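Q: Dropping a prediction and its sequence here:
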Protein chains: 2
Amino acid sequence: MHAPRKQAAQPRSRATQAAIVEAAARILETSGSAGLTTNAIAARAGVSIGSLYQYFPNKEAVLAALLRTKRAELLSWMRAAVSANQEAPPEKALQALLDAGMRHQVERPRLALEAEYAGQQLHLAEETAALADEMAQLILETVRRLQPAAGLQEARDVVAIAKGIINAAALSSEAGGPGLAARVRRAVRGYLREIPSNSADSRAASSSMP
Amino acid sequence: MHAPRKQAAQPRSRATQAAIVEAAARILETSGSAGLTTNAIAARAGVSIGSLYQYFPNKEAVLAALLRTKRAELLSWMRAAVSANQEAPPEKALQALLDAGMRHQVERPRLALEAEYAGQQLHLAEETAALADEMAQLILETVRRLQPAAGLQEARDVVAIAKGIINAAALSSEAGGPGLAARVRRAVRGYLREIPSNSADSRAASSSMP
DNA sequence: GTCTATACCAAGATAGAC
DNA sequence: GTCTATCTTGGTATAGAC
């Protein structure tokens, strides 16, 4: 389910598929999920409705493909940030991670918002949970260098805090400049500093492999 | 636009209207905005589709009424929290405010999420901005007692941080127990502590009436 | 493999009986 | 004032021509 109809070995098919997915993204940005109709997607992509259904079995599959693309992109940015800062001071490593997240939300803020919501109606719960876990693990690595008492829950909270501030900015159509970045950094730093050394979630983290 | 068709002076009309709005809320909770159809609302409310249109000019009006109800509720809780803690120590006052917000999101987490999103498609930008402002002002009063350097932007960030953590909890269907409350408190405290005394947003706050 | 035309259906909204 | 029946629209998906 939610899988492309065929795996597009040919470069031309691949391009058409990508055009359809990108068209869906553009529509989400301009009209929200209400405007995301198969007709609109096909029109924006410059193909006919029939062609769309040659590549995707239904509307949900297009949306799922879009989500997977964006998520893979974010994850790869975050991984790059971590491995580029293995030797760097932890403050710099954390900053790089936050920058990756900001970049994701700030480049296309409306899309990030709409895609996240639209994804809820899709039955992608497992994938979503897996992504959240992977992100949390990635962040935990870095965060522990700053605050050894941090656990998985704290890592997830760091994501939630950053998302909260960035989403609020997007909703009030505030630009994502250095001011926003500074506030996110302050929020995360402050939170990490408040973690008690006997955090309940350090236990949760170490018991994650029973 | 988005106004009820008549103002229901009669108590029976008032009750019917409320039933329709509550039905919409229940549908949002169980099926999300995709399931929010006029037919479904009428059926849940135990009235016919014709009756629904007697009270509301269209679907959006029902949703708008729901949003206004929930927002008014939250705002009144927050106001109560502030005035009940005028004399209390600032830590307690802040806690009461956070509790009000938590109560709003935790009692009906899915509803809070769905309503917030669905409201975006409604042309209620002015009301939404006004609400955000009022909430920020309310919080600023209390926050300034803890951190005099705080400005409007910081007050808004406090809301965003709390929302971020609570929403993430709701999305992973985590219960809203004391653990969650503690994490929100830590995040907010930590953020407030990080505010530099020459914050750019203290300026923004004082220049809000030019 | 891509198009046009269309079948089918669900949802919003209204008309008119009672 | 509330109901049932219905009109209308627009969106998903398919069939069949080229």
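A: Looks like it came in fine. Predicted model, so just to flag it, every value in this text is computed and none were measured. Residues are numbered from 1 along each chain as shown, chains lettered A, B, ... in the order given.
Q: Show me chain A divided up by domain.
A: Per automatic domain parsing, the domain ranges recorded for chain A read A:11-59, A:66-206.
Q: averaging pLDDT over each of the ones you listed, which comes out lowest?
A: The stretch with the lowest average pLDDT out of the domains of chain A is domain A:66-206, scoring a mean of 93.
Q: So that domain, near DNA strand D or not?
A: No - Domain A:66-206 lies out of reach of DNA strand D by Cβ under 7 Å from any atom of the strand, never closer than 11.8 Å. Placement of C-beta: from N, CA and C, glycine included.
Q: Return the distance of that domain from the chain's centre.
A: When distances are taken as Cα atoms, centre = their mean, to the nearest Å, domain A:66-206 is centred 9 Å away from the chain's centroid.
Q: tell me, what residue is most central in chain A?
A: A:Arg71 (4.7 Å; Cα atoms, centre = their mean).
Q: And the domains of chain A: which comes nearest B:Ala18?
A: domain A:11-59 (26.6 Å; Cβ to Cβ).
Q: Put together CSV for the domains of chain A, with distance to chain B on each row.
A: Converted to CSV, the domains of chain A look like this (distance: least, Cβ to the nearest Cβ, whole Å):
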stretch, distance to chain B
domain A:11-59, 6
domain A:66-206, 2
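Q: Distance to B:Thr142 for these - can I get that in TSV?
A: Converted to TSV, those look like this (distance: least, Cβ to Cβ, whole Å):
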stretch	distance to B:Thr142
domain A:11-59	35
domain A:66-206	17
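Q: Which helix or strand contains the residue nearest to the centre of chain A?
A: Per DSSP states H and E, A:Arg71 falls inside helix A:59-84.
Q: Could you list the residues in contact with the following helix or strand past that helix?
A: As assigned by DSSP H and E, the chain's next helix or strand after helix A:59-84 is helix A:90-107. Contacts with helix A:90-107, where a contact means Cβ atoms under 8 Å, 6 or more residues apart in numbering or on different chains, come from A:70, A:73-74, A:77-78, A:80-82, A:84-86, A:88, A:112, A:138-139, A:142-143, A:145-146, A:159, A:162-163, A:166-167, A:170, A:176, A:180-181, A:184-185, A:188.
Q: Also stretch A:32-50?
A: Contacts for stretch A:32-50 (Cβ under 8 Å, 6+ apart): A:16, A:19-20, A:22-24, A:26-28, A:31, A:51-53, A:59, A:62-63, A:110, A:114, A:117-118, B:120-121.
Q: Count the residues that sit near the closest residue to A:Ala84 other than its chain neighbours.
A: Distances taken as Cβ to Cβ, 6 or more residues apart in numbering or on different chains put A:Ala96 closest to A:Ala84, at 6.6 Å, once the chain neighbours are dropped. For A:Ala96, the count of nearby residues is 18 (other Cβ atoms under 10 Å in any protein chain shown).
Q: ok, now the one 4 residues further on?
A: Burial of A:Ala100 is recorded as 20 neighbouring residues (other Cβ under 10 Å).
Q: Is the residue in chain A positioned nearest to DNA strand C within a helix or a strand, and which one?
A: Taking Cβ to the nearest atom of the strand, DNA strand C has its nearest neighbour within chain A at A:Gly50, 2.6 Å off. In this assignment (DSSP H and E), A:Gly50 forms part of helix A:49-55.
Q: chain center to that helix, what's the gap?
A: Its chain's average C-alpha position is 27 Å from that of helix A:49-55, according to Cα atoms, centre = their mean.
Q: any idea how far the residue nearest to A:Met78 when sequence neighbours are not counted lies from A:Leu192?
A: Closest residue to A:Met78 apart from its sequence neighbours, by Cβ to Cβ, 6+ apart: A:Ala100 at 4.8 Å. Look at A:Ala100 and A:Leu192: by Cβ to Cβ, to the nearest Å, they are 18 Å apart.
Q: How about A:Asn167?
A: 21 Å.
Q: could you pull out the helices for chain A?
A: Listed in chain order, the helices of chain A (DSSP state H) span A:11-31, A:38-45, A:49-55, A:59-84, A:90-107, A:109-121, A:125-146, A:152-171, A:178-194, A:200-206.
Q: Which stretch among those helices is buried most, on average?
A: Highest mean neighbour count among the helices of chain A (mean count of other Cβ atoms under 10 Å in any protein chain shown): helix A:152-171, with a mean of 24.
Q: Could you figure out how far it is turned away from helix A:125-146?
A: If you take axes from the mean of the first three to the mean of the last three Cα atoms, to 10 degrees, helix A:152-171 sits at 110 degrees to helix A:125-146.
Q: which other helices and strands contact helix A:152-171?
A: helix A:90-107, helix A:109-121, helix A:125-146, helix A:178-194, helix A:200-206, helix B:152-171, helix B:178-194 (3 or more Cβ pairs under 8 Å, 6 or more residues apart in numbering or on different chains; DSSP states H and E).
Q: Mind listing residues that contact the second one?
A: Where contact means Cβ under 8 Å, 6+ apart, the residues beyond helix A:109-121 that reach it are A:25, A:28-30, A:32-33, A:36, A:63, A:66-67, A:70, A:104-105, A:128, A:166-167, A:169-171, A:176, B:32, B:34, B:117, B:171.
Q: and if you look at the fourth one?
A: The contact list for helix A:178-194, computed with Cβ under 8 Å, 6+ apart, reads A:94-95, A:98-99, A:102, A:106, A:143, A:146-147, A:150, A:154, A:157-158, A:161-162, A:165-166, A:169, A:174, B:153, B:157, B:161, B:186-187, B:189-195, B:200.
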